[in-house]
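In: pasting the structure only:
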C-alpha cells in the first residue's frame, strides 16, 4: 500500500483549502442535521419506537453509500469542469424534488404489520435524492482538492479535509438538542433546512467561481498518478472495521432509548461521538493517540461486557459507561482505518468501502438481528467482535497470558452456578438474600474476570475469547426470572415468565424491554383481578369504577394493550376497544395459553384496533367513549406524541361530555407531568391529578404506585373525584406544553434528575 505524506505540523492551510473546508463543513452539517429532523417527522407515525431511528440510520447509511458511489464513478470524467457542472445540476434537481422538506404525500399511512418497508419507502421518497447527492459532496470535493493541489503538501494529504466534514457533522448534531430542538418548532426546522440546502448550492457555485477566477486551468488539472492496486483483503478489512462502529452505535442508541424516550436528543449523542472519533482519527495530530485508545478501549470493553445486563440502579453511571465504551471502540476502529488509508488517487474508493461497511453494520443491527434473535444479543456480540479489530500479536504466547486466560474460565462459571443454587426466579431470599444483594455478590467474580481479560488485551484473539466468556456469564446472572418465552418485533422485545409469590401463588408476568408491563395471577381467586397499575385501588382502577357507576353500558377505550388487564373490568353491557400498535402484543394478550384477561375474564367480545392511536382514533366518531385510558409506553420510553396539545385535543374529541381521559404518567427517568398539565391549561379543560403510593401491606404484584392525570370535556365529568383530596386540580406550572411542533424531552430529563 502506498502511504500518504502528512502535512507538517507547523504549516498553515492555504485560502483555497479553507474554502474547500467550509464547503465540506456545510455539506456535512446539512447531511447530519436532517437526520434527527426526519426522525421527529416520522416518530409519531410509528408509535415513537426506538427502531424508527435504527431503521432510518440504515437508510441514511445506504443513501450515503449511493452518494459515495456516485462520487467515485464521477472520477471517471477526466474534466473537473464537467464534474462540477454535473454535481451542480444534480444539486439543483434535488432541491426541486423535495422543496420544502417534509414527508412525501405519496407514502400514505404506515403499515404497522410491515413498518420497515413503509419507513424505508417514506425516507426514499421524502429525502433520498437530496441526501445522496449532498452526501457525495465531501469525498467529491476532497478528490477535486487533491487534483487541484497535487504536488503540494496539502494535496498529498486531502484526508485532513475529512476531519472538516466530521466537525461539521458533529457540530450539527450537538446543535440539534442544545439549540435547534429546544428553540425551534418542527415546521421551522424543516423550512430552515430547506433554505440551508439552497444556500449551500450558492456556496458551491461561489467555490467554483473563486477557484476558476484564481486559475483558469485548474479545472483541467491532470489526473493523479495511479498508486498500487487495492487488494480484496484490504477492502474486507476496511469494510469490517467500518461495520463494527456503526453496529455498536445503533446498539447503544437502543440501549439508551428503550427506557427513556425514542427522541432525537438521545439519538444524536452516540452519532455525535461516532463522528467525533472520525475527527480525531483523521486529524493531522490526533488528540488521543492510538496507544492510549487501545488501553482505554480494553478497560471499558471488559467492564461494560461484565455489566451488560445491569439495567437498573445508577442510570447515569450506566449511561456514561456504555457511551464511553462505544466511543473508545469506535475510535480504535477508525484510528486503525486511518493507518490503513490509501494514496489520494484511491480516496473515493476508500470512502466507498467505508460506507459499505456502515450499511452492513447498520443493517445487521437494525434489520437482520431483530429477525434472527429473539432477544437483543447483537450489542454484546458486536462489542466482543470489536476485539478482533485490535492489532494482532505475532509472537508466541507468554506463560502469564495463558494463566490470565485460564483464570477467566472458573471465574465465569461461578456466577451461573451461584444463581443455580439460589434459584433464578426471584427467590434468592431463600438463602437470606435480597435479589439486588444476590446479584451484587455474583458480580464480584465477573469483575475479577474483567481484570484478567484486560491483562490479555494485547492478544486480539485471546481478548475476544475472554470477552465472549464474560458476556455469556453476564447473560446468565442478568436474568431475574426464568423466561419461558421471548418475542421480538419492530416495536421491541417482549418476554413471559411464571413466578411464584408467597401470598398469591404463581403469577405470569410480561416484560417489555426492561420494564414490567403486566402480570396475571394464576390462582382462581386472583386470576381475573387486574393487578399492578390497573388494580381497583389505583387511580386507573378508580376511574374505571367511577365510569361504570355512571352507566351499565360503558364504552371504554385503552391505548396500549399489554397483557389485556383492563379487559377484566368489562361487563356484559360494556364495550371495550384496545388501540395497540404492536401486533405481537395483541397476539400474546389474546392467547389464553399466555394471558387470559381477554379470553376468559372479559364478559363479551373485546375489539383491538392495530396501529398508532393518534392515527386510528381519527376514524372513531366524536363523543363515543365514556373512558379513554392512554398507557402506551414501550418499555419505559415515552411516546411523546401522545402527550401533546394536539393529541389531547383529539382524545377529548372522542369522549362524551362527561367522559374521562386518563393519562398514565408514571415514569422512572422523565418528568412528563408538568408539560401535560400545561397542555390541559392551554386547552382550558378541567383536570385532576393523583399520585398513589403502593400499599406496603398489599400482596406483591397486586398493585403498583401510579401517577395519573384525568381530564374531561366538562367539569361535571370530574365531580366524583372531588370527595378525595388526593385528587388535585389547579396545579401551576412554568413548563411549556408539548405540541406536535415542539417537544423538549431534554428538559424533562433534567427536571427528573433535579427532583431526585
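Out: Alright, I've got the coordinates. Everything quoted here is computed from the prediction, not taken from an experiment.

In: quickly note the distance from residue 414 to residue 615.
Out: Residue 414 sits 51 Å away from residue 615, going by Cβ to Cβ, to the nearest Å. Just so you know, the C-beta spots here come from the backbone N, C-alpha and C atoms, and that holds for glycine as well.

In: likewise residue 305?
Out: 41 Å.

In: higher neighbour count, the two?
Out: Neighbour comparison, residue 305 and residue 615: the larger count goes to residue 305, with 27 against 18 (by other Cβ atoms under 10 Å).

In: and the more buried one, that's in a strand?
Out: No. Applying DSSP: H, G, I helix; E, B strand; the rest coil, one finds residue 305 to be helix, outside a strand.

In: and residue 415, what is it in contact with?
Out: Residue 415 sits next to 442-443, 445-446, 473-474, 476-477 when contact means Cβ atoms under 8 Å, 6 or more residues apart in numbering.

In: ok, residue 69 next?
Out: Contacts for residue 69 (Cβ under 8 Å, 6+ apart) come out as 352, 355.

In: going forward, count from 2.
Out: Sure thing, new numbering starts at 2, so read that last one as residue 70.

In: doesn't it fall inside a helix?
Out: Yes. The assignment for residue 70 (three-state DSSP) places it in a helix.

In: now do the buried residues in whichever strand or helix holds residue 500.
Out: Assessed by DSSP states H and E, residue 500 sits inside strand 493-502. Neighbour-count burial for strand 493-502, counted by 16 or more other Cβ atoms under 10 Å, picks out 493-498, 500, 502.

In: ok now it, how far from the chain's centre?
Out: Chain-centre distance of strand 493-502: 24 Å, with Cα atoms, centre = their mean, to the nearest Å.

In: and the following helix or strand past it, average pLDDT?
Out: Counting by DSSP H and E, the next helix or strand C-terminal to strand 493-502 is strand 506-513. Confidence for strand 506-513, expressed as mean pLDDT, is 88.

In: what angle do strand 506-513 and strand 493-502 make?
Out: If you take axes from the mean of the first three to the mean of the last three Cα atoms, to 10 degrees, strand 506-513 sits at 160 degrees to strand 493-502.

In: where's residue 302 relative to residue 327, distance?
Out: For residue 302, the distance to residue 327 (Cβ to Cβ) stands at 10 Å.

In: so how many other residues sit close to residue 90?
Out: 11.

In: buried by neighbour count: which residues of the helix or strand harbouring residue 17 qualify?
Out: Assessed by DSSP H and E, residue 17 sits inside helix 16-43. Within helix 16-43, the residues scored as buried using 16+ other Cβ under 10 Å are 17-18, 20-22, 24-43.

In: same question for stretch 581-591.
Out: Counting neighbours by 16+ other Cβ under 10 Å, one finds that the buried residues in stretch 581-591 are 581-587, 589-591.

In: residues in contact with residue 554?
Out: Counting by Cβ under 8 Å, 6+ apart, residue 554 makes contact with 574-576.

In: please convert the buried members of those into PyMOL selection syntax.
Out: A single PyMOL command suffices to select whichever of those are buried according to 16+ other Cβ under 10 Å:
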select buried, resi 575+576
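
In: of all the contacts of residue 554, which comes closest to residue 545?
Out: Taking Cβ to Cβ as the measure, residue 545 lies nearest residue 575 of the contacts of residue 554, at 9.8 Å.

In: ok, for the closest one, nearest residue in space, not its chain neighbours?
Out: Spatial nearest neighbour of residue 575, chain neighbours left out: residue 555 (4.8 Å); criterion: Cβ to Cβ, 6 or more residues apart in numbering.

In: please apply the same query to residue 392.
Out: That would be residue 461: by Cβ to Cβ, 6+ apart, it lies 6.7 Å from residue 392.

In: and the strand holding residue 500, what does it pack against?
Out: With contacts defined as 3 or more Cβ pairs under 8 Å, 6 or more residues apart in numbering; DSSP states H and E, strand 493-502 has these neighbours: strand 484-490, strand 506-513, helix 584-591.

In: for these, give me JSON lines that also has distance to residue 401.
Out: What follows is these, written out as JSON lines (distance: least, Cβ to Cβ, whole Å):
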{"stretch": "strand 484-490", "distance to residue 401": "40"}
{"stretch": "strand 506-513", "distance to residue 401": "43"}
{"stretch": "helix 584-591", "distance to residue 401": "50"}
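
In: okay, now residue 233: neighbour count?
Out: 7.
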